[in-house]
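>>> give me coordinates for this.
(chains A and B)
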Amino acid sequence: DTAVSQTPKYLVTQMGNDKSIKCEQNLGHDTMYWYKQDSKKFLKIMFSYNNKELIINETVPNRFSPKSPDKAHLNLHINSLELGDSAVYFCASSSGLALNTEAFFGQGTRLTVV
Amino acid sequence: QQQVKQSPQSLIVQKGGISIINCAYENTAFDYFPWYQQFPGKGPALLIAIRPDVSEKKEGRFTISFNKSAKQFSLHIMDSQPGDSATYFCAASKGLTGGGNKLTFGTGTQLKVEL
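Numbers count the residues shown, from 1 in each chain, chains lettered A, B, ... in the order given. Model prediction:
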């Protein structure tokens, strides 16, 4: 009964590879997000989708491509991975019906690029 | 440009003491100010939130004080417990016309409550 679930939890891969992280929420929310947490624990929004439509793209390199097949899923595909992509990636969701409601976060995917 | 500044970076408090974490923001368009708690290996979880039309909100041992004119807000944890040891993030948000909201986080405070 996990509200926001991400897979995998850990991902170790070599530079230059392409990888995907999957996210699903069962809260019935309209809005989903990807946040990146760096080694200093700083959290920064990357993307936001509302009802499968891109709302925010925070100047993220175009090697990162989010895809939302339906409003319960938001996947993140990363091409040509670089060392600097190593971080913890969090998926989150919130209700899109009212402005400024609680964002629920997944457990995170720790990506290590070697 | 750090839109939400948070201090201190780390904090050690004795059990039963008061933990205080401060944040300041720049963008007056922000209209929602949540605090998130994060344990190691877990995602951030909402602890308490306030809107700028009130100056204080209390939930159990947790209180947010909000000063709109100074553009500052703080989290007070009363009777701090070892189980409160975690990283705390303040955040500020404004709603998006396309739906949802964009959270701008502070840099985090690592709290340790000692016995």
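
>>> okay, now the unreliable bits of the chain?
As the question left the chain open, I've gone with chain A. Along chain A, segments meeting pLDDT under 70 span A:1, A:96-100.

>>> actually, chain B is the one I wanted.
Along chain B, the model assigns pLDDT under 70 to residues B:1-2.

>>> up against chain A, what does chain B have?
B:31-32, B:34, B:36, B:38, B:41-46, B:49, B:51, B:87, B:89, B:93-96, B:98-105, B:107-108 (C-beta under 8 Å from any C-beta of the partner chain). In this view, the C-beta of every residue, glycine as well, is placed from N, C-alpha and C.

>>> again, 7 Å this time
B:31-32, B:42-46, B:87, B:89, B:93, B:95-96, B:98-103, B:105, B:107-108 (C-beta under 7 Å from any C-beta of the partner chain).

>>> among the residues you listed, name the buried ones.
B:31-32, B:43-44, B:87, B:89, B:93, B:95-96, B:99-103, B:105, B:107-108 (16 or more other C-beta atoms under 10 Å in any protein chain shown).

>>> restricted to helices, list those.
Using DSSP state H, no member of those sits in helices.

>>> can you list the residues of chain A near chain B?
A:30-31, A:41-43, A:45, A:48, A:50, A:53, A:55-56, A:90, A:94, A:96, A:99-100, A:102-103, A:105-108.

>>> now residue A:94. Nearest residue, chain neighbours left out?
Closest residue in space to residue A:94, ignoring its immediate chain neighbours: residue A:103 at 4.5 Å, by C-beta to C-beta, 6 or more residues apart in numbering or on different chains.

>>> how close does the residue of chain B positioned farthest from its centre get to residue A:106?
Computed with C-alpha atoms, centre = their mean, the maximum C-alpha offset from the centroid of chain B is found at residue B:98, amounting to 25.8 Å. To residue A:106, residue B:98 is 22 Å away according to C-beta to C-beta, to the nearest Å.

>>> equivalent analysis for residue B:52, please.
In terms of C-beta to C-beta, residue B:52 sits 29 Å off from residue A:106.

>>> which of those two has more neighbours?
residue A:106 (25 against 16; other C-beta atoms under 10 Å in any protein chain shown).
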